[in-house]
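1. Predicted model and sequence below, questions to follow.
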Amino acid sequence: MSERYSMVRVEDVEAEPSEISGTDHVGLVEELGCTEMRPKVWYLSPGDALSHHRQTEQEEFYYVLSGPGRIRIDGELMDVEEGTAIRIPPETPRQVLNDTEGEHVWLIVGAPPVEGDGRPAYDE
């Protein structure tokens, strides 16, 4: 890996299921040597959903690579066209889900790179 940059073909990295939702994703933190962000590519098959959550410190960047995607932000469920980018601040509840017939693919990047920063969407 170069000291000036790093590069990886996402399709060359093995997808693994999320420990929380079971949804397949490719984590790129280690593959790219990221220190200031946490990028992942998520593959949502019909019926898949990421956890309904918010963050403590991380803002997150969401980008629909193929879709359209579906996302719930602060209680509002919306369709998101392929090629659309969304920034969500830490405290805003969010959930990416697939209640359609086709696969959705999202690039999601959190920063700063705080592991385990997610928490339930609403306090109980």
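-> Cool, the structure landed.

2. pLDDT score for the residue nearest the centre of the chain?
-> Centre of the chain computed as the mean C-alpha position; nearest residue by C-alpha atoms, centre = their mean is I108, 3.3 Å away. With respect to pLDDT, I108 has a value of 98.

3. My guess is it contacts V64. True?
-> No - if you go by C-beta atoms under 8 Å, I108 and V64 don't touch, sitting 10.3 Å apart. All C-beta spots, glycine's among them, are computed from the backbone N, C-alpha and C.

4. Please name the strands paired to the helix or strand of the chain with the lowest mean pLDDT in the sheet, noting orientation.
-> Lowest mean confidence among the helices and strands of the chain (mean pLDDT, DSSP states H and E): strand 118-120, at a mean of 88. Using DSSP bridges, strand 118-120 pairs in its sheet with strand 53-55 (antiparallel).

5. Assign a three-state SS to E31, would you?
-> Here E31 is recorded as helix under DSSP: H, G, I helix; E, B strand; the rest coil.

6. Distance-wise, check it relative to M7.
-> Noted for E31: a distance of 9 Å to M7, by C-beta to C-beta, to the nearest Å.

7. so where is this structure shaky, pLDDT-wise?
-> Along the chain, the model assigns pLDDT under 70 to residues 1-2, 124.

8. Near D12, how many residues? Count them for me, please.
-> 8 (other C-beta atoms under 10 Å).
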